[in-house]
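S.K.: Quick one: sequence and predicted model below, then my questions.
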Amino acid sequence: MFFVASEFGDADISRIEGFVDNLKVSRAWMIHAPVFVNEEDEETSTLGLYLDLYSALPPADLPLEVDRQALEEVKELVSHIQALSRTTGLAFDVTLDEDDIGSIENGELDRNFRVGFLEEWERVLVEREGG
């Protein structure tokens, strides 16, 4: 999940909703298009989006081509979020299965997300491909 980690207002909510609507029609998504999230409770507000992914963790045996397609899909989504962050000044935290895996601020990926997640995923795929 990518969620806004900075303060946001009503205009940002509309902007993120429109952003997600545009993503939905931008391509054919493997499982389904990104989903807009705008939730509030007594203590917190959550604004952002999520994209479902197939699990490549054991015991799942995800076919290499599906895993590669999932990575490319995530990289494309991240690129769009980087552009949004750069133009709006919004910062995004990134989670996977409720674990914090990094952030995007001013369009830049932090080291944890870039190296520890995206580059590691790529490395594992190259290894699986025999490289």
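M.R.: Thanks, I have the structure now.
S.K.: contacts, neighbours, all on C-alpha from now
M.R.: Noted.
S.K.: mind listing the helices for the protein?
M.R.: Taking DSSP state H, the helices of the chain run over residues 10-24, 64-88, 111, 120-128.
S.K.: Pull out the buried positions in the longest one.
M.R.: Residues of helix 64-88 classed as buried: 67-68, 70-71, 73-74, 78, 81-82, 84-86 (neighbour count, 16 or more other Cα atoms under 10 Å).
S.K.: measure residue 102 to residue 92 for me?
M.R.: Using Cα to Cα, to the nearest Å, one gets 9 Å for the distance from residue 102 to residue 92.
S.K.: who's more crowded, the two?
M.R.: residue 92 (25 against 20; other Cα atoms under 10 Å).
S.K.: Quick one: neighbours of the nearest residue to residue 33 once chain neighbours are set aside, just the number.
M.R.: Counting by Cα to Cα, 6 or more residues apart in numbering, residue 24 is the residue found nearest to residue 33 once chain neighbours are left out, at 5.0 Å. By the criterion of other Cα under 10 Å, residue 24 has 16 neighbours.
S.K.: Check residue 8 too.
M.R.: Close neighbours of residue 8, defined as other Cα under 10 Å, add up to 14.
S.K.: Neighbours of residue 61, how many?
M.R.: By other Cα under 10 Å, the residues close to residue 61 number 10.
S.K.: Now do it, the pLDDT please.
M.R.: Note on residue 61: pLDDT of 77.
S.K.: same check, this time on residue 54
M.R.: 87.
S.K.: who's the residue positioned nearest the centre of the chain bridged to?
M.R.: The chain has residue 2 as the residue nearest its centroid, 5.1 Å off, counting by Cα atoms, centre = their mean. Assessed by DSSP bridges, residue 2 has beta-bridge partners residue 49, residue 94.
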